[in-house]
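1. Just need the structure, nothing else, for what follows:
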Amino acid sequence: MKSVNQKIFFASNIKFLRTRQGLSQETAAEKLGLTRAKLASIEAGNTKAPQPEDYLNFSNFFSVSIDTLLKVNLPLLGELKLRELESGNDVFIKGGNLRILAISVDKSNNEHVEYVPIKAKAGYAASYADPEFIASLPKYSLPHLQGGTFRIFPIVGDSMLPIPDGSDITGSYVEDWTALSAGTPCIVILKGQQDVVFKLVTWLPEGQFLLSSLNSTYSPYTVPAEEVLEIWKFHAYSTRVFPDEQSDLSMVMAAIKDLERHVTTCISPPPQD
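-> Next comes the predicted model:
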């Protein structure tokens, strides 16, 4: 198997977190139980293989996981995500999944809204936590999207009609999967071949998700939580398809309502004299 060089951000992350807390090298080294020279060497990247206890020491001191210290370029994260990291919430454990959300920001440190095009969807499940992959996606700044992290996914197929094939779904990132109301429309990132689906999501007590479609011709199915990578709650959708004057579904619903009114009229008691 061909080896892949993984970019490591440990040295720059340690310096970033130290300066973010307003600590000098001397003060930080004293708190960490290190010499100033050793801390300076680590921050400069001159210590290529820190000892395991050093990784643990820095992780505990900054309340940031070792995985994040190594793999995530922290200066690129928004202020909200940095505060979550520093409070110990960089890894969310729900349904057996370990999740780190990678995002990108603009020059003012505001989060972008990334668009995941059809061609990128196939690789999204493999690279969703890679900041470099996320940074490579088309991105937008939408002023009406506030108070969360948003991403846009195109959908394929008719399982969620009347939302048409080819629509772009804007979703807000869900941290606590178990807090979703039953039947919440969501983009779900799954492991495996069919990695991005748009479904009505219901959390089941046995640690599974029930995924249902608006189009009743598609049967619901369940997936175990460990097969889910991310969930993005439906916020809005856009489409280039102009709606028909009256869709088949709306015609059926109108016919049902007419039938209900007819039945109600037929069984109503006659007026009293």
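2. Outline the domain layout of the chain.
-> 9-87, 147-238 (the TED database).
3. Now render those as TSV, adding distance to F133, mean neighbour count and mean pLDDT.
-> Where you see a C-beta, it was placed from the backbone N, CA and C, and this is true even at glycine. TSV is the format used below for the domains of the chain (distance: least, C-beta to C-beta, whole Å; neighbours: other C-beta atoms under 10 Å; pLDDT from 0 to 100):
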stretch	distance to F133	mean neighbour count	mean pLDDT
domain 9-87	12	16	85
domain 147-238	13	17	88
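4. Which residues are in contact with P220?
-> For P220, the contact set (C-beta atoms under 8 Å, 6 or more residues apart in numbering) comprises 210-213.
5. quick revisit: can you tell me which of the domains of the chain is nearest to Y140?
-> domain 147-238 (7.7 Å; C-beta to C-beta).
6. How far does that closest one sit from its chain's centre?
-> Remark: domain 147-238 is offset 11 Å from the chain centroid, using C-alpha atoms, centre = their mean, to the nearest Å.
7. residue ranges for the strands of the stretch 51-200 of the chain, please.
-> Per DSSP state E, counting those that start in this stretch, the stretch 51-200 of the chain carries strands over the ranges 92-94, 97-99, 113-115, 139-140, 150-154, 168-173, 184-190, 196-204.
8. and E230, which of these is closest to it?
-> Evaluated over the strands of the stretch 51-200 of the chain, closeness to E230 peaks at strand 184-190, with 4.1 Å, by C-beta to C-beta.
9. still on that earlier bit, output the strands of the stretch 51-200 of the chain in a markdown table, with distance to R36 appended to each entry.
-> A markdown table is the format used below for the strands of the stretch 51-200 of the chain (distance: least, C-beta to C-beta, whole Å):
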| stretch | distance to R36 |
| --- | --- |
| strand 92-94 | 35 |
| strand 97-99 | 34 |
| strand 113-115 | 40 |
| strand 139-140 | 40 |
| strand 150-154 | 42 |
| strand 168-173 | 40 |
| strand 184-190 | 44 |
| strand 196-204 | 49 |
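10. out of these, which comes closest to A29?
-> strand 97-99 (30.8 Å).
11. Identify the bridge partners of the residue lying closest to G148 once chain neighbours are set aside.
-> If the residues on either side of it in the chain are set aside, G148 comes closest to S172, at 4.4 Å by C-beta to C-beta, 6 or more residues apart in numbering. Here S172 sits in beta bridges with F150, K233, as judged by DSSP bridges.
12. follow-up on the earlier one: need the domains of the chain in CSV with distance to E132, can you?
-> Output for the domains of the chain, formatted as CSV (distance: least, C-beta to C-beta, whole Å):
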stretch, distance to E132
domain 9-87, 8
domain 147-238, 16
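13. how far away is V188 from G45?
-> According to C-beta to C-beta, to the nearest Å, V188 stands 39 Å off from G45.
14. swap in M160?
-> 49 Å.
15. T27 now?
-> Counting by C-beta to C-beta - T27 and G45 are separated by 21 Å.
16. just to revisit the earlier point, which residues sit in contact with the residue nearest to G148?
-> 148-150, 232-233, 235.
17. at 6 Å what do you get?
-> For S172, the contacting residues are 148, 150, 233, 235, by C-beta atoms under 6 Å, 6 or more residues apart in numbering.
18. Closest one to L200 out of those residues, please.
-> Distance to L200, by C-beta to C-beta, is smallest for K233 among the contacts of S172, at 11.4 Å.
19. Hmm, that closest one is touching V174, no?
-> Yes - under the criterion of C-beta atoms under 6 Å, K233 makes contact with V174 at 5.2 Å.
20. Contacts for stretch 41-51, please.
-> 11, 14-15.
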